[in-house]
Every structure is written in structure tokens, then in C-alpha cells.
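1. With the sequence up front, the predicted model follows.
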Amino acid sequence: MRRTRVPALVTYALVVFLGLRDIRRHLKIVLTTQVQISPSTQIDLDPPDIIAKRKNMTLYPPTKVHPFAGARDANGHWGYIADPKLVRHYMLWQFRNTSQNADASFADMEKARFMPLNDDAEVNETEQVCETPPEMGIEGKAWDVLVHKVVVGGPVPLPNSPLDPREPPQGWAGEMFPKIEDPPYFNSATPPKIFCGMYTYHKKHYLLKAAAQSWAWRCDGFLAFSDVTDPSMGAVDLPHYGEEVYGNMWQKVRSIWSYIYTNYLDEFDYFHLNGDDTLIIVDNLRNYLWSIDDEHGTKPLYLGGAYETHGITACNGGPGYTLNRVALKWLVEKAFAQPDISVDSGEDRLMGFTLRPFVRCYDTHDANGSKRYLGFSPRHYMTNCDVDRCLPYMSRQFKFWQKYVKKNVTGADLISSQAVSFHMLKNQVMMKRIHAILYQTCPRGTLLGDAVGDGR
């Protein structure tokens with residue numbers, strides 16, 4: 001295929017336009033008869049022994065103490081500031097290649113419900129995501145709930161009773177049943193900008209890749225905080241105090257929130273953090289955040305799925321939790337200003353205790369007592385713990401929730417029609433299958449594409 005050389009000035013202008021400031025030093029942009037813009041996110045890496053030496057913090061210590069030490073680039077240099085929009089631009093480039101439309105926009109990509117599938121010797125994603133019949137995939141008996149109950153981007157759920165003031169925040173006085181086409185947005189004409197963060201490490205980057213290709217690019221900004229930097233997936237090498245182990249999650253999260261605060265506080269309105277086995281339904285998260293009365297950005301918000309721990313109610317870390325700018329600013333400037341070398345896996349519990357003097361976990365259940373931030377996979381909610389045998393942890397969680405919302409909700413009733421997140425999706429197929437059902441990403445002619453299209 002014949003390629004045309006691009007003048008240096010044009011190349012520079014395209015790079016600035018795409019915001020690709022954190023990728024390869026010698027970024028290549030080529031024009032072909034098929035695709036006009038083709039950025040590469042491959043990095044010119046130094047020899048492994050040189051990188052390993054730089055990552056030895058005894059030899060190359062950070063200039064600031066944890067949790068404010070900052071990040072390292074792919075070659076181990078301190079001071080790396082990642083571009084949180086790079087994953088969006090990289091996925092747009094992939095979409096332009098796939099659609100053969102060099103002028104395709106983000107809106108075009110969203111309308112096309114773009115989610116690439118990867119088929120290799122280990123996993124055939126096309127077969128397991130799109131060619132597996134309903135209820136035979138990892139969704140199991142949750143198929144009906146995902147297809148007929150959960151609505152992507154729909155209005156907030158109406159209460160079963162007009163006397164229930166759960167939605168909207170100011171109650172239903174004066175308009176008992178709002179028109180279905182009226183958006184539940186009270187504070188601004190434009191949606192809030194959301195930063196999505198993920199904690200992970202290099203051995204779980206297969207989950208990160210699945211997230212980047214499915215839901216993560218729908219966030220206004222996305223980064224995954226890891227022990228390796230890979231700009232193509234938004235991975236950032238963010239060292240923290242202590243070892244890179246699950247038992248030290250609190251220190252990892254302290255460094256994550258400090259990094260987000262230092263570099264992106266004024267760029268976004270809300271900041272969501274979750275693990276690598278969590279699926280975010282970004283449109284529902286955005287709609288929900290848009291519906292909350294935050295008193296014009298002055299009210300601190302700490303949102304998530306409430307759970308009881310050590311005598312307090314905190315937001316569960318499994319489905320992730322969300323801070324607004326006010327809460328994040330207080331967390332880092334006030335709470336993290338105090339030395340803390342605690343080694344603990346319970347980062348969500350410690351977040352609850354740390355934020356407690358300033359803000360409590362916000363009540364996020366919908367009008368019917370259903371959960372928006374869901375701590376298990378969809379199929380886990382097909383079990384009714386009132387009559388069926390459940391895992392002790394699940395049973396405790398469900399009983400707490402009934403007491404918390406003062407309603408007898410259990411099983412599938414726990415899943416809100418405006419679900420924000422699902423947890424415990426342990427492999428890339430689980431994540432992409434649930435996303436494909438919700439967003440109808442599989443084309444007609446495939447088993448899932450035909451079933452979801454007919455089901456809705």
C-alpha cells in the first residue's frame with residue numbers, strides 16, 4: 001500500500017489536536033488511502049536492565065515522600081504525568097481503522113457501540129461474547145434482568161409510591177409523576193465530567209485491556225494505577241509506601257488519590273475509583289451524578305454502595321466509590337497531610353473512617369430500594385438469601401441492605417434499573433459479555449446480537 005509522507009508542521013498539529021502528549025517519543029502519523037490518522041502508542045523502551053535499575057528506589061528515590069511521590073514513565077523516570085484522555089483517543093483511532101472512516105468522531109463511536117474483540121489461541125472472545133446463547137454465558141439466569149430491567153442511560157427510577165421522596169432529591173412535590181422524557185438533571189445544562197480510576201498491577205492487565213476496550217473509554221478521563229506504565233491502556237506506574245501486594249491496598253489508594261488530586265483536580269467534576277474486576281456503566285453513572293443536588297459544587301459527596309464495617313457505614317470498594325471535587329480536596333489536603341504508614345487491605349473501610357469527620361457515605365439506592373453500586377456480579381443477585389443458601393458474606397450484605405433501605409428487597413430486586421457498576425468479573429470475557437448485553441455491541445447475525453435485539 002502506498003504511503004504519503006506528512007510534513008512536520010502537519011504532524012505536530014495533528015498530535016496537539018489528538019492530545020497524544022504521553023506516547024512514543026517519535027510518534028508516527030501516516031496517511032493511507034484507507035485511514036487518515038494512525039497514531040502509534042508503542043514506546044521506545046530502554047534495555048530491561050536499565051529500566052529495572054531506575055525502578056530501584058534505593059538508587060533512584062523520588063523527590064517527594066509518599067503518598068505524593070508521583071509516577072514513573074515506561075522507562076522508569078520519575079515525574080510522569082499521564083494523559084487521562086489518551087485511551088479515548090487511542091480507541092477512536094482503532095474505531096477509525098475498523099470503520100474505514102477517518103473522520104469518525106467520539107459520537108460516531110458511541111453510536112456504533114464500539115467494542116473490539118480479541119481472538120487468540122487462549123481466548124476466543126468473539127465466540128464466548130457474541131456466539132454464546134442467552135443464559136449459557138457467564139450472566140446465567142441474570143440474562144432477563146440485564147436485558148429487560150437494566151436501562152443504559154435511562155431516567156432515574158420512579159418510586160413505587162408517589163409518597164416515596166427518594167427521587168429526585170427534593171421530592172415529588174408539585175409534580176407527582178414527571179414526564180418520562182424529562183431528564184433528571186437539576187444543576188447544569190451540561191453533564192458532569194467524570195474521571196475513572198482503576199487500581200491494578202501488571203499480571204492483571206488482561207482485565208485492564210478488557211476495560212479499556214469496553215467501558216473505560218466512555219469516561220471523560222481514565223487511568224489505571226499499576227506497577228508498569230503502558231499508555232495504550234492508560235496504565236501508570238505509581239509507586240507507593242510498602243510492597244505492591246493486596247494486603248497493602250490502603251497505601252496504594254492513598255497514592256492514587258494524591259496523584260489524581262495533584263494533576264487532575266480542576267479538570268473533572270467527579271472522580272470514581274474501582275478495582276480491575278469491576279464493570280462501570282458510565283452512562284448511568286453520569287446520569288446519576290447529574291441528578292444529584294451538590295449545591296453548585298459546594299457540598300462534599302462520597303458515593304457508593306453502603307456497607308457496615310467496624311461500627312460505621314462506608315462505601316464498598318468492590319463496585320467502586322465516587323468523590324466530587326470538594327471531598328477529594330479535603331481528603332488530600334487535610335487527611336493525607338497526616339503521616340500514615342498503616343499496612344492494610346481494607347482500603348474502603350479506611351476511606352470511610354478517614355472521610356468520616358467531613359462527609360459520610362451518601363445514600364445511593366434508588367426509589368425502590370435497589371442498589372446502583374453493586375458489589376457482586378449480576379448472576380450472584382439471582383439468589384434469594386431469604387429462602388436459598390447463600391455465602392455468609394453475601395447473606396450479611398443483603399440483610400444489612402434491607403435494614404439500611406427499610407425495604408424487603410432481595411435477589412434480583414437488589415439490581416437497580418439504573419445500575420452503575422458490577423463487581424467480581426474475574427476475566428475479560430465476563431466483563432465484555434456483560435457490557436455486550438447492556439450496550440448491544442454484538443452485531444445482528446450473531447447469537448447475542450439477535451437475542452438482545454429481539455429481547456429489547
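-> Sure thing, it's come through.

2. now stretch 46-58: how far from the chain's centre is it?
-> The chain centroid and the centroid of stretch 46-58 are separated by 31 Å under C-alpha atoms, centre = their mean, to the nearest Å.

3. Contacts for that stretch next, please.
-> Here stretch 46-58 makes contact (C-beta atoms under 8 Å, 6 or more residues apart in numbering) with L45, L59, Y60, R72, A74, N75, G76, H77, D237, P239. Just so you know, the C-beta spots here come from the backbone N, C-alpha and C atoms, and that holds for glycine as well.

4. tally of neighbours for the last one?
-> So the one you mean is P239. Look at P239: counted by other C-beta atoms under 10 Å, it has 20 neighbours.

5. show me where this protein has helices.
-> In the chain, the helices defined using DSSP state H lie at 8-18, 48-54, 86-99, 106-111, 125, 143-148, 205-213, 249-264, 282-291, 325-330, 347-355, 392-405, 428-439, 447-455.

6. Same list, the ones you listed, but as JSON lines with distance to L273 please.
-> Output for the helices of the chain, formatted as JSON lines (distance: least, C-beta to C-beta, whole Å):
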{"stretch": "helix 8-18", "distance to L273": "26"}
{"stretch": "helix 48-54", "distance to L273": "27"}
{"stretch": "helix 86-99", "distance to L273": "16"}
{"stretch": "helix 106-111", "distance to L273": "23"}
{"stretch": "helix 125", "distance to L273": "26"}
{"stretch": "helix 143-148", "distance to L273": "24"}
{"stretch": "helix 205-213", "distance to L273": "13"}
{"stretch": "helix 249-264", "distance to L273": "7"}
{"stretch": "helix 282-291", "distance to L273": "12"}
{"stretch": "helix 325-330", "distance to L273": "10"}
{"stretch": "helix 347-355", "distance to L273": "9"}
{"stretch": "helix 392-405", "distance to L273": "20"}
{"stretch": "helix 428-439", "distance to L273": "17"}
{"stretch": "helix 447-455", "distance to L273": "30"}
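
7. quick one on the thing from earlier: ok, of the contacts of stretch 46-58, which come out buried?
-> R72, A74, N75, G76, H77, D237, P239 (16 or more other C-beta atoms under 10 Å).

8. Those residues in strands, which ones?
-> Counted as lying in strands by DSSP state E, out of those, are R72, D237.

9. Can you list the low-confidence ranges for this protein?
-> By pLDDT under 70, the low-scoring segments of the chain are 1-42, 155-189, 386-387, 454-456.

10. coming back round to it: turn the contacts of stretch 46-58 into CSV, columns for distance to D388.
-> Formatted as CSV, the contacts of stretch 46-58 follow (distance: C-beta to C-beta, whole Å):
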residue, distance to D388
L45, 52
L59, 56
Y60, 55
R72, 48
A74, 49
N75, 53
G76, 51
H77, 54
D237, 44
P239, 45
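
11. if we can go back for a sec, nearest to T446, of the buried ones among the contacts of stretch 46-58?
-> Checking the buried ones among the contacts of stretch 46-58 against T446 by C-beta to C-beta gives A74 as the nearest, at 36.8 Å.

12. Who's the closest spatial neighbour of the closest one, skipping the chain neighbours?
-> Of all residues not flanking A74 in the chain, T229 sits nearest, at 4.3 Å (C-beta to C-beta, 6 or more residues apart in numbering).

13. ditto for N75
-> Distances taken as C-beta to C-beta, 6+ apart place D46 nearest to N75, at 4.8 Å, with adjacent residues excluded.

14. Tell me, how many residues neighbour that neighbour?
-> D46 has 15 neighbours, counted by other C-beta under 10 Å.

15. and what of L289?
-> As a burial measure, L289 scores 23 neighbours (other C-beta under 10 Å).
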